[in-house]
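Peer 1: Here's my sequence, what's the structure:
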Amino acid sequence: MAEPKIIATVPRSATEQLQISINEYKGKSYLDMRIYYTTDDGANWLPTKKGVTCSPENLDLLSEAIEEAKKEFMTEEE
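Peer 2: Residues are numbered from 1 along each chain as shown. This next block holds a predicted model:
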């Protein structure tokens with residue numbers, strides 16, 4: 001199994017972050033969005049069970065949903 005390719009890291013707190021990566025499972029690639037935690041000031045990050053995987057076929061739908069959310073938040077800020 002190949003190492004996950006980290007696309008982005010979103011800080012949540014000093015001890016938690018959301019890692020967005022491309023991961024492989026049973027020979028298929030997936031987008032994985034998972035909460036990671038650290039107990040040693042960020043030297044090592046460990047995955048939690050809190051997360052979501054998305055197949056490549058659903059990436060357009062996910063992207064459209066994120067764009068729609070961005071529009072909603074922009075409207076609220078005005």
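
Peer 1: What is the lowest-mean-pLDDT helix or strand in the chain packed up against?
Peer 2: Across the helices and strands of the chain, mean pLDDT, DSSP states H and E gives its lowest value to helix 59-77, namely a mean of 92. Taking 3 or more C-beta pairs under 8 Å, 6 or more residues apart in numbering; DSSP states H and E as contact, there are no helices or strands that helix 59-77 lies on. C-betas here are computed from N, CA, C, even on glycine.

Peer 1: can you list contacts of it?
Peer 2: Contact with helix 59-77 is made by 31, 54, as judged by C-beta atoms under 8 Å, 6 or more residues apart in numbering.

Peer 1: 10 Å instead, please
Peer 2: Contact with helix 59-77 is made by 30-31, 33, 52, 54-55, 58, as judged by C-beta atoms under 10 Å, 6 or more residues apart in numbering.

Peer 1: Mind checking which of these are buried?
Peer 2: Among the contacts of helix 59-77, those buried by neighbour count (16 or more other C-beta atoms under 10 Å) are 30-31, 33.

Peer 1: In strands only, show me these.
Peer 2: 30-31, 33 (DSSP state E).
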